[in-house]
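K.L.:
sequence and predicted structure are below.
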Amino acid sequence: MTPLLFVGMIGALVALTLYFFATKAPILPPLISEHGQLIDDQIYLTLIITGAIFAIAQLGLAFLVYKYRHREGAKATYLLGSHKLEYTWSAATLVLFVGLNLMGQKVWAEMHLNEHPKPAIEVEVTGLQFKWYIRYPGKDGVFGRRDVNMINDAEGNFLGLDKTDPKGADDIVMGSLTVPVGVPVVMKIGSRDVIHNFGVRELRVKQDAVPGLAVYIPFKATQTGSYEVACMELCGYGHYQMRSQLNVVTMAEYTKFLADNAP
Amino acid sequence: MSDHGAGHTAHHEFNLKENLGNWFFLLALTLLEVWLAYIHLPPVTMLVTLLGLSGLKAAGIIAIFMHMKFEKLSFVLVVVSLTVLTIALLLIIVPDAYVLQNYRW
Amino acid sequence: MSEATAEKAVEGAAPATAAAAHAPVKSDPWYGGVAPFGTDSKKFGMWLFIMSDSITFAAILMAYTYMRIADPDWPLVFNAQSVVLSTIMTFVLLSSSLTMVLGVAAAEAGKRKRAAAWIFATAFGGVAFTVIHAWEWSHVIHDLPEGAMPMMWGCFFAATGMHMLHVTIGVGYLVILGLAYLSGKFKPVDVEVAGLYWHFVDLVWMFVFPLIYLMSTDMTKGFGH
Amino acid sequence: MSAESAAEHVHVHEPPSSFIRRWIFSTDHKVVGIQYWILALVAAFVGMWLSVVFRLHLANEGTIAQLNNQLSALAPDSAQAQALTEQIKALQAKWFVLTPEKYLSYLTMHGTILVFMVLTTAPMGGFGNYFLPIQIGALDMAFPRLNMLSIWLTILSFITLMAAFFVPGGPPNSGWTGYPPLSAIPAAQGKGYEGPGGYGQDLWVLSIAIFCFASLVGAINFIVTTLDLRTKGMTMLRMPLTCWAWFVTAILSLLSFAVLLVAGLLLLLDRNAGTSFFIPGDLFFNKPLVDHRGGSPILFQHLFWFFGHPEVYIAIVPGMGLVSHLLSTFARKPVFGYAAMVFAIFGIGIVGFFVWGHHMFQSGMSPYVAVAFSVMTMVVGVPSAIKTFNWLGTLWGGNIRFTSPMLYALGFVSLFVTGGIGGIFLGQNAVDIYFHDTYFVVGHFHLIMGVAAIFAMFAGTAFWFPKMFGRMMNEPLGKIHFWITFAGVNVIFITMHLMGLEGHPRRYSGFNYDFLSSNYMVTCHKIVTHTAILTATTQLLLLVNIVYSLFAGPKATDNPWEATSLEWAIPSPPPFENFKGGHVPEVHHGPYEFSVPGAAKDYIMQQEPPEARPATAPSAH
């Protein structure tokens, strides 16, 4: 009775899990970035491999439990192990896991190790409790000076822009991120208070905004539309409210957006 | 109830000369270190030299004052290598310090 | 499974360990019944504590190193006077290690009173170190600006404070040890174990002193404030 | 130490006559073990209760989100809309709607209590303290007084942690990882924060610092005991795998808690002494400005995870040892590849020290280092796979007895596989870009480090209860508890994996995003909550079973499971001195001599004379 129940339980576990993962295809939210394709490929590959491992290991367990259940007069085999088998499966898992990992390094290199594409649109993303502010360098392409002493939330100077700096005169600060489609963008991500995390599901981008540290993340959007930006790192009681928007627009709309919002 | 612990400690003769010598050795190295502070060395050279000298001093203390040279080799290897390896592991955070240096917000 | 396959499986099985081929040898220190390292359990325990504690200190010093690398404009805050002072402190600590060694030797030779005297001398060295250090601290604290302290001083207080905590605990330990050993409650091995701790405190200072003081000294500043 | 050779050294102490010295401030490792076990049991129920409370909150938030979605589709002043608004208000007024601060506080306390007070104490301090000395043939731990110190420091640590509920400001809300600056600056913690405070966070740090010290003391004790106090014939390779697991766990604790102590200490200094290790300059919360500068939040993460990753193994490795032991005992078969199992435990322990960075791929740390950490993480998969394969190998050709401890152990294997597979995703730095800090992570670590380790504790309780208390536990109750819990946790945490695939972020107390308030997500949340309540309630069965069996369970024989290790060679419950008169038998056999061909019965206990094992049988140890 018990072994049968166990087999049933494991069978249900495997069947239901595989069913839910398989029928949710495409499993991930729609993809809107170029590098995201590599991430998705890696996820799907991992999913297939691990799915197979999962099914084989669980069903193997269930099979063994059922096959070798206690029966009257049965006797266990005195079996100490097998070096040959152990070496084989150790080597196999090593090659499989490390190989799988190395396959994913391409996209990592693209995002973090390689030179970022140039020319690219540079934006500065600042997290604060519990909002995101995005700064565009404006026409001159240079960000103006910031000073923490000049921060004044009441006047809307959330980032502490130095109004006297001529380079900053044309800077645009927005509550959401608007980028043109098909053009490389480099975000400079940082924070004003605690650690936040700039995450856009569809973009396959997620990066901690660490106070005191600037992290540069490149991406190239491939589809226009509006997407949600979530904070993915616990940043205080309002963590769950810290939402913003990513608008991917055509180049023409982007130019218009910059012109409309220019100070 | 430590009395059902190990049998006996490996006994060794106390050697006054050796211990005094070690003390002088440690003092001399200390003075050498202080002298190094007076002549100006580039920071990295200074750091490496100081750490090397301190390592020597530590070895003197461990081997003679702490009687490590009278312990079994297996014991020495286990204690020292495990500690040194774990401390060395902490060095992985050094590249991060350079990241912080180069990418200030 | 039939009898035949069972036997086959057994034959195919490799011996599980090297030990399988040879039965355990009774004279092997790892056979059981004796401490394999031939070290007293208490000493072994103290060594393990020292391993862990040295990692604690290493982590503090590593945090300091990290801060230092991250900040290219690290201030060189100490002057010649601080170096002289800390050199004296080093001398005191090193000498107290020597007295501790003598104490351990006297204890092992069974000279109870002499051992206790050396132990108290060691504790006195510890007290002297703490007093000089506390004097230095009070000056530093006095000169600190209002509010949060500069990073250099944070590192200074964390590293030397942790060390001073160890010295203070060590002094208490030594006093208890001296009294208990004098009254016959403790054995020579207990003195040796305490000695290990004390030498370790000394050893840590051998890293704190150059890394905190000597690496942050500007000798051109000379004496005085 | 065997009786023959060292009889003159054996001091058999009488048990202390006073109740307090015997059962409360006791140096007896068995009492300390039971104290740890009770502490873990209490802490587990507190932690579980917190999780039920915030799961209820999430289900309720989900309902509200769904109603809000319906509401937005209606005309604002229609009758329907008004009814809906009323309904939402009524729901919000219910007691289990937490404020966001409370939600995060409960979350933080849930994590801290379970990780430190349950997963770290029960397998190691509980079962380890009780059974390590007996299994290796010692009369007590090497340092009984330090052992007592260790449990009482742990209790002090637990009380300190609990005190956080009662101080102004309540428990901390920066998560069990306590990342600064959120945890370092009181002003970051709450809405409308005024003045100093955040005592909850201070107590949290203090509690962890005390816990570090308690664990260090315990670890020293375990290592010395394992190496020095083995009885004659108990060579290292004749120790049961449980002892190996405790040994490796102790080494991990010894080397990793030291670093957590530093993280806690520096955080405490940052909070109270004006240093700035983890606080960078130019932070703005409100005027006046934070005047700390120069620190790095990432440094804290490094120090924390340097401990944090080995901690995962501190929680799970004792479980692995126990499960290997149980699979062998109940399959009536030697462990498949005993030496490989030992190497795998060591391998997991060693490699586990090289992988802490995989918690920090998106933290802004050096991306080159991330690649190294990622590759090492995959390497951990190898010893884990060896363990899994060898467990299956142990079952192969066995004669499996389905007792409740065996069921828990089988459940552990299944959960270990399911949970471990999530690790293959999360360990890849590239894939982690998507999965970082989603429910996928929550599902993964709950399965492998939380529930799997807890199943090992269930197994340990069911297996050793007869020895500890002299009475058998109730089998049907145990089995029912197993089936419901096993099914429940799989539903809960696999659903979380599915939510993670959609990108649901962790630690959200509300559904302020469109994709979070979708029907799919809300339904998932409700499934998780309902299953969690069912599963949590089922744990009462365990409690009932324990209490009932303690008083009314059938009396246990010395060796009810027909196992081989030394604890089954002594009466149940064991006498004060473990082995009658302090005479520890000499060991002549390996730990897993089951079904030896030609032997009289299907198991040979370790202390049986050498002749018990036919010379013709293939040699094991």
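P.N.:
Nice, thanks for sending it over. Numbering: from 1, shown residues only, chains lettered A, B, ... in the order given.
K.L.:
contacts only, for the residue lying closest to D:Tyr513 once chain neighbours are set aside.
P.N.:
Leaving aside its sequence neighbours, D:Tyr513 sits nearest to A:Glu228 (C-beta to C-beta, 6 or more residues apart in numbering or on different chains; 5.1 Å). Every residue, glycine included, has its C-beta placed from N, CA and C. The contact partners of A:Glu228, by C-beta atoms under 8 Å, 6 or more residues apart in numbering or on different chains, come to A:Val200, A:Arg201, A:Arg243, A:Ser244, A:Gln245, A:Leu246, D:Tyr513, D:Asp514, D:Phe515.
K.L.:
okay, and which of the residues you listed map to strands?
P.N.:
A:Val200, A:Arg243, A:Ser244, A:Gln245, A:Leu246 (DSSP state E).
K.L.:
residues touching residue 141, list them.
P.N.:
No chain was given, so I picked chain A. So A:Gly141 contacts A:Glu122 (C-beta under 8 Å, 6+ apart).
K.L.:
meant chain D, my bad for not saying
P.N.:
Contacts of D:Met141 (C-beta under 8 Å, 6+ apart): D:His29, D:Asn129, D:Leu132, D:Pro133, D:Asn147, D:Asn221, D:Phe222, D:Thr225, D:Leu229.
K.L.:
now it: how far from D:Trp391?
P.N.:
According to C-beta to C-beta, to the nearest Å, D:Met141 and D:Trp391 sit 29 Å apart.
K.L.:
what does D:Leu114 give?
P.N.:
D:Leu114 is 25 Å from D:Trp391, where distance means C-beta to C-beta.
K.L.:
picking that back up, between the ones in strands among the contacts of A:Glu228, which is nearest chain D?
P.N.:
Closest to chain D out of the ones in strands among the contacts of A:Glu228 is A:Arg243 (5.7 Å), distances taken as C-beta to the nearest C-beta.
K.L.:
identify the residues contacting that closest one.
P.N.:
Per C-beta under 8 Å, 6+ apart, neighbours of A:Arg243: A:Glu228, A:Val229, A:Ala230, A:Cys231, D:Asn512, D:Tyr513.
K.L.:
shaky segments in chain C?
P.N.:
Applying pLDDT under 70 to chain C picks out residues C:1-22, C:221-225.
K.L.:
skipping its backbone neighbours, what lies nearest the residue nearest the centre of it in space?
P.N.:
Against the mean C-alpha coordinate of chain C, by C-alpha atoms, centre = their mean, the closest residue is C:Phe200 at 2.8 Å. Spatially, and ignoring its direct neighbours in sequence, C:Phe200 is nearest to C:Ile50 (4.8 Å; C-beta to C-beta, 6+ apart).
K.L.:
is it true that the one you found touches C:Trp198?
P.N.:
No. Using C-beta atoms under 8 Å, C:Ile50 is not in contact with C:Trp198; the gap is 10.9 Å.
K.L.:
out of those two, which sits in the more crowded spot?
P.N.:
Legend: neighbour count by other C-beta atoms under 10 Å in any protein chain shown for C:Ile50 and C:Trp198, higher for C:Trp198 (32 against 21).
K.L.:
D:Met457 versus that one, what's the distance?
P.N.:
41 Å.
K.L.:
could you do D:Met117 as well?
P.N.:
13 Å.
K.L.:
just C:Gly154 next, same as before
P.N.:
Distance, C:Gly154 to D:Met457, by C-beta to C-beta: 41 Å.
K.L.:
phi and psi next, for the closest residue to D:Gln80 other than its chain neighbours.
P.N.:
Leaving aside its sequence neighbours, D:Gln80 sits nearest to D:Leu74 (C-beta to C-beta, 6+ apart; 5.5 Å). Here is the backbone geometry of D:Leu74 (degrees, to the nearest 10): phi -100, psi 160.
K.L.:
again with A:Cys231
P.N.:
Dihedral angles (degrees, to the nearest 10) for A:Cys231: phi -90, psi 130.
K.L.:
with D:Phe594 instead?
P.N.:
Torsion angles, degrees, to the nearest 10, at D:Phe594: phi -100, psi 140.
K.L.:
and it, bridged to which residues?
P.N.:
Beta bridges link D:Phe594 to D:Tyr603, judged by DSSP bridges.
K.L.:
ok, how many other residues are close to it?
P.N.:
Close neighbours of D:Phe594, defined as other C-beta under 10 Å, add up to 25.
K.L.:
that one and D:Arg332 touch, don't they?
P.N.:
Yes. With contact defined as C-beta under 8 Å, D:Phe594 reaches D:Arg332; the gap is 4.6 Å.
K.L.:
show me the residue at the heart of chain B, geometrically.
P.N.:
Note: chain B centre (C-alpha atoms, centre = their mean) maps to B:Ala58, 3.1 Å.
K.L.:
helix, strand or coil for it?
P.N.:
helix (DSSP: H, G, I helix; E, B strand; the rest coil).
K.L.:
contacting residues for A:Thr255?
P.N.:
A:Thr255 neighbours (C-beta under 8 Å, 6+ apart): none.
K.L.:
tell me the secondary structure at it.
P.N.:
Of the three states, A:Thr255 takes helix according to three-state DSSP.
K.L.:
now do the same for it: its pLDDT.
P.N.:
The score at A:Thr255 is 93. That number is its pLDDT.
K.L.:
over to D:Ser619?
P.N.:
Confidence at D:Ser619, expressed as pLDDT, is 69.
K.L.:
show me which of the contacts of D:Met141 are buried.
P.N.:
Neighbour-count burial (16 or more other C-beta atoms under 10 Å in any protein chain shown) applied to those gives D:His29, D:Asn129, D:Leu132, D:Pro133, D:Asn147, D:Asn221, D:Phe222, D:Thr225, D:Leu229.
K.L.:
beta partners of the residue nearest to D:Tyr513?
P.N.:
A:Gln245.
K.L.:
excluding its backbone neighbours, what's nearest the residue positioned nearest the centre of chain D?
P.N.:
Nearest to the geometric centre of chain D sits D:Leu119, at 2.1 Å (C-alpha atoms, centre = their mean). Once flanking residues are discounted, D:Leu119 sits nearest to D:Ala315: 3.7 Å by C-beta to C-beta, 6+ apart.
K.L.:
show me where chain C has helices.
P.N.:
C:3-12, C:18-21, C:41-70, C:80-108, C:112-143, C:151-182, C:188-208 (DSSP state H).
K.L.:
ok, which of these comes nearest A:Thr23?
P.N.:
Closest to A:Thr23 of the helices of chain C is helix C:3-12 (C-beta to C-beta; 41.7 Å).
K.L.:
so what are the domain limits for the chain?
P.N.:
Using chain A. For chain A, automatic domain parsing gives the domain ranges A:2-69+A:79-112, A:115-261.
K.L.:
I was thinking of chain B, sorry if that wasn't clear
P.N.:
B:14-70, B:72-105.
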